[in-house]
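[1] Got a sequence here, can you model it:
(chains A and B)
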Number of protein chains: 2
Amino acid sequence: MDRYRKETLERLVARLAVGVGVPAQDAALFASALADADLHGVSTHGISRLSIYLRRIQEGLIDPAARLTADREAGSVLALNAGNGLGQVQARKALDRLIPLARQNGVAAATIRNSQHFGALSWYCNAAAEQRMVLLAMSNCEPAMSPAGGYEPFFGTNPIAASFPTRRSFPVKIDLATSIVARGNIIAAQKRNQPIPEGWALDPEGEPTTDAQAALLGTVLTMAGHKGYALALMVELFSGVLSGAAIGSQVGSMYKNLDRPQNVGHFFCLFDIASFLDYEEYLRRMDETLDQIKSSKRRSGVDEILVPGERSARIAEQNQSQGIPLAPETLAELQHWCRQLKIAFDCPEVTACPTS
Amino acid sequence: MDRYRKETLERLVARLAVGVGVPAQDAALFASALADADLHGVSTHGISRLSIYLRRIQEGLIDPAARLTADREAGSVLALNAGNGLGQVQARKALDRLIPLARQNGVAAATIRNSQHFGALSWYCNAAAEQRMVLLAMSNCEPAMSPAGGYEPFFGTNPIAASFPTRRSFPVKIDLATSIVARGNIIAAQKRNQPIPEGWALDPEGEPTTDAQAALLGTVLTMAGHKGYALALMVELFSGVLSGAAIGSQVGSMYKNLDRPQNVGHFFCLFDIASFLDYEEYLRRMDETLDQIKSSKRRSGVDEILVPGERSARIAEQNQSQGIPLAPETLAELQHWCRQLKIAFDCPEVTACPTS
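    Numbers count the residues shown, from 1 in each chain, chains lettered A, B, ... in the order given. So this is what the prediction gives:
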């Protein structure tokens, strides 16, 4: 795969977003979110999704210039309405509004309704970690999983995430779908016409399948059986029920429903670490924890114990210096949109570029 | 198994707790927590644990009359010190202190250090649900699981829980250990000299085992592989690192370490529903969600789709009317403690008693 500098891709994505009506500052936020996902190796939530966002904007299904408004705003809680704007833009603005509340009260929470698929949760969580805070983030998503015992899509793959600052070069990054596998992986397999492993999904009749297309029409299985079902429900209740967004099967599909908005709901809870204990003491305790984990006795065949977030931090470092690899189909989509919006595709490939 | 009325058992447990120095009001809270677990069929976190709590109090490893104090108290955050008191008593008092803060600010959070194994998280979460609030609760626990790739006990089975009020006869109750199975099940198998299923645990050399004793000396596996590892770490960071409690392998074992306190850490975050949306609207949305889940298409062989909390609510109803079944070994322990503390064992068996 060809590799491109992050800054180059970010600029191009922002220009394409501006090309469909996104205000320049919002487009920069949006582009930063997508490029950051690719930088960290999470291409399923990065530029590979640009095409569908642009298409939905063009179809009038996303308001590119929506404002973030508050339904309720009291104490340390914000009940927000994303106005059917881009999820990345609105959720990042929501975080910016939570930060002073958490600084003041130690903890602050927000629901965000009327939003979209908003990419990788860790983009928001990592931004909070830079503020010496911990963001616990959840989101419902388009229907993909069923309650245990069923086979009708109800829940999304309902992710939950939190990042914790450390003294190391990366935050501890917890970011997981409550499905057995992120749906993006099935979409990626479908795009490449590849089968998926057994045990990932059921077809529309409730039978196990390895066909990516059948899986996308059927249901993805929850992780850990009933436990994953319980966690997916918890995410749905915080993000969907509490927010006033669409719930479960009423959430629109970004790919399948080209006739209505998604009305996704997100849930953020932000904790200011220094309200709980001295920040230096926190860092010392975190260091000790990571030291213990890294030096655990290893099972045979295991070279290294990794901390969540460590692998993607290494990928980010590599992609920062060598460029971000873009899948051929994503590259083709970028070029298609450049032609359509009459924007120059000025993305020189790199084999290696200096770390910025 | 013989069955006993909840109220009868609760009274006896409270008297035994008073017998080892627990103040009467605290003993009532403690007894209520244990009996509630048994009522809901979670006997692994109920009266079967009474013996070890009493023993640890007698050995001076738990302070039966500890006070709950605040290390920090600002805005909507409490950093609490349980003073090595009974976890159930101190954590329930912590919740009582959080409720007015959440009522005022919409959200409030507490860490609790210097605590013990504090039973079933859903006891606290359900109490919050009765206040029209959602409590997100986590706790670290004595070492039982290793990071992915390792085989040294580091994490506890680190549970996460939240209950959501409904218009039905029970709250939605999410309460799960991040282990593939709750450690209480392995302890129960060991007490009964029964093997455990394959895939639950590794022995002390890191090899798979079905021997409950070897499993308790080795490690329980995380649920869902790396995802369970990530969630267990998240719970450890919120409950252990942020609270100032012992971290990971430093947490004392209630059964193995009869020479030192456990220093367990808990994490509570409490959300006032009406701060996010109108409470009636919330109930309506919750109803709609549960209706949809209950009426999902069922896979062949599945009679009913259950909502998390529904099964245990049915057990509670049955145990309320028919009495709580007590395992013979738990009964023997109760009788042993009655003899030792010179307290009458006045627990008439019931075959059926009227619903109170």
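
[2] Kindly export stretch A:212-219 (C-alpha atoms) in PDB.
    Output of stretch A:212-219 as PDB, limited to C-alpha atoms (Å, rounded to 0.1, in the frame of the first residue of the first chain):
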ATOM      1  CA  ALA A 212     -19.100 -10.900   5.100                       C
ATOM      2  CA  GLN A 213     -22.100  -9.700   3.100                       C
ATOM      3  CA  ALA A 214     -24.500 -12.100   4.900                       C
ATOM      4  CA  ALA A 215     -23.000 -11.100   8.200                       C
ATOM      5  CA  LEU A 216     -23.700  -7.400   7.500                       C
ATOM      6  CA  LEU A 217     -27.300  -8.300   6.600                       C
ATOM      7  CA  GLY A 218     -27.500 -10.600   9.700                       C
ATOM      8  CA  THR A 219     -26.000 -10.100  13.200                       C
END
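
[3] Report whether it contacts chain B.
    No - judged by Cβ under 8 Å from any Cβ of the partner chain, stretch A:212-219 and chain B are separated, with a smallest distance of 10.1 Å. (C-beta placed from N, C-alpha, C; glycine too.)

[4] can you pull out the helices in chain A?
    A:6-19, A:24-39, A:50-58, A:87-105, A:121-129, A:183-191, A:212-217, A:226-236, A:279-294, A:310-322, A:328-341 (DSSP state H).

[5] Tell me which of those approaches B:Arg285 most closely.
    Closest to B:Arg285 of those is helix A:226-236 (Cβ to Cβ; 10.6 Å).

[6] mind listing what's buried in the closest one?
    Neighbour counts using 16 or more other Cβ atoms under 10 Å in any protein chain shown place A:227-236 of helix A:226-236 among the buried residues.

[7] what's the model's confidence in stretch A:260-267, averaged?
    Per-residue pLDDT values over stretch A:260-267 give a mean of 98.

[8] What lies in contact with it?
    Contacts with stretch A:260-267, where a contact means Cβ atoms under 8 Å, 6 or more residues apart in numbering or on different chains, come from A:61-62, A:84, A:87, A:91, A:94, A:109-118, A:137-142, A:235, A:238-240, A:242-246, A:250-254.

[9] among these, which ones are buried?
    A:61-62, A:84, A:87, A:91, A:94, A:109-118, A:137-142, A:235, A:238-240, A:242-246, A:250-254.

[10] ok, and of these, which contact chain B?
    Of the residues in those, proximity to chain B by Cβ under 8 Å from any Cβ holds for A:109, A:111, A:238, A:240, A:242-244.

[11] Can you flag which of these belong to strands?
    Counted as lying in strands by DSSP state E, out of these, are A:109, A:111.

[12] which of the ones next to chain B among the buried ones among the contacts of stretch A:260-267 sit farthest apart?
    Farthest-apart pair in those is A:Ala109 and A:Gly240; separation 15.2 Å (Cβ to Cβ).

[13] got the domain boundaries for chain A?
    Listed domain ranges for chain A are A:1-65+A:295-356, A:67-179+A:222-276 (source: automatic domain parsing).

[14] Check these for me and report the most buried one.
    Greatest average neighbour count among the domains of chain A goes to domain A:67-179+A:222-276 (a mean of 24), per mean count of other Cβ atoms under 10 Å in any protein chain shown.

[15] OK, contacts around the residue nearest to A:Asp2 when sequence neighbours are not counted?
    Distances taken as Cβ to Cβ, 6 or more residues apart in numbering or on different chains put A:Glu349 closest to A:Asp2, at 4.7 Å, once the chain neighbours are dropped. Counting by Cβ under 8 Å, 6+ apart, A:Glu349 touches A:2-4, A:323.

[16] before we move on, the earlier item: and the domains of chain A, which one is worst for confidence?
    domain A:1-65+A:295-356 (a mean of 94).

[17] Return the residues of the stretch 1-150 of chain A in contact with chain B.
    Applying Cβ under 8 Å from any Cβ, we find that the stretch 1-150 of chain A lies next to chain B at A:71-72, A:74-77, A:79, A:104-109, A:111, A:134, A:136, A:146-150.

[18] cool, the stretch 251-356 of chain A as well?
    Going by Cβ under 8 Å from any Cβ, the residues of the stretch 251-356 of chain A near chain B are A:269, A:271-273, A:275-277, A:281-282, A:285-286, A:288-289, A:292-293, A:296-300, A:302, A:304-308.

[19] Farthest from the middle of chain A: give me that residue.
    Relative to the centre of chain A, and counting by Cα atoms, centre = their mean, the farthest-placed residue is A:Ser300 at 33.8 Å.

[20] Need phi/psi at that one.
    Dihedral pair for A:Ser300: phi -60, psi 140, per degrees, to the nearest 10.

[21] picking that back up, can you tell me how far the residue nearest to A:Asp2 is from chain B?
    Taking Cβ to the nearest Cβ, to the nearest Å as the measure, A:Glu349 falls 33 Å from chain B.

[22] Same check on A:Tyr151?
    For A:Tyr151, the distance to chain B equals 5 Å [Cβ to the nearest Cβ].

[23] Which residue, neighbours along the chain excluded, lies closest to that residue?
    Nearest to A:Tyr151 is A:Gly206, by Cβ to Cβ, 6+ apart, at 3.2 Å.

[24] Show the end-to-end separation of stretch A:122-140, please.
    15 Å (Cα to Cα, to the nearest Å).

[25] Stretch A:179-193 now?
    Taking Cα to Cα, the first and last residues of stretch A:179-193 lie 21 Å apart.

[26] mind checking how far A:Leu242 is from A:Cys269?
    Using Cβ to Cβ, to the nearest Å, A:Leu242 is found at 11 Å from A:Cys269.

[27] Next: A:Val350.
    Using Cβ to Cβ, one gets 39 Å for the distance from A:Val350 to A:Cys269.

[28] now do A:His45
    From A:His45 across to A:Cys269, the span is 21 Å (Cβ to Cβ).

[29] Any idea which of the helices of chain A gets closest to A:Leu202?
    For the helices of chain A, proximity to A:Leu202 was assessed by Cβ to Cβ; helix A:212-217 is nearest, at 7.7 Å.

[30] re earlier: which one of the helices of chain A lies closest to B:Pro197?
    Of all the helices of chain A, helix A:226-236 sits nearest to B:Pro197, with 15.2 Å by Cβ to Cβ.

[31] got the contact list for the closest one?
    By Cβ under 8 Å, 6+ apart, helix A:226-236 touches A:138-140, A:145, A:147-148, A:155-160, A:178-180, A:221-223, A:247-248, A:267, B:160, B:162, B:172, B:174-176, B:223-224, B:289, B:293, B:307-308.

[32] Could I get the CA-only coordinates of it as CSV?
    Output of helix A:226-236 as CSV, limited to C-alpha atoms (Å, rounded to 0.1, in the frame of the first residue of the first chain):
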residue,chain,number,x,y,z
HIS,A,226,-24.4,-12.9,27.9
LYS,A,227,-21.7,-10.5,29.4
GLY,A,228,-21.3,-8.8,26.1
TYR,A,229,-25.1,-8.5,25.8
ALA,A,230,-25.3,-6.9,29.2
LEU,A,231,-22.5,-4.4,28.4
ALA,A,232,-24.1,-3.6,25.0
LEU,A,233,-27.3,-2.9,26.8
MET,A,234,-25.6,-0.7,29.3
VAL,A,235,-24.0,1.3,26.5
GLU,A,236,-27.4,1.5,24.8
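
[33] Who are the contact partners of the closest residue to A:Val89 other than its chain neighbours?
    With Cβ to Cβ, 6+ apart as the criterion, A:Val89 has its nearest non-adjacent residue at 4.5 Å, and that residue is A:Asp26. For A:Asp26, the contact set (Cβ under 8 Å, 6+ apart) comprises A:17, A:64-65, A:85-86, A:89.

[34] picking up where we left off before, overlap in contacts, A:Leu242 and A:Cys269.
    Common contacts of A:Leu242 and A:Cys269 (Cβ under 8 Å, 6+ apart): B:Phe271.

[35] Could you confirm whether stretch A:169-179 reaches chain B?
    Yes - for stretch A:169-179, a contact with chain B is found by Cβ under 8 Å from any Cβ, at A:172, A:174-176.

[36] That stretch: end-to-end distance?
    29 Å.
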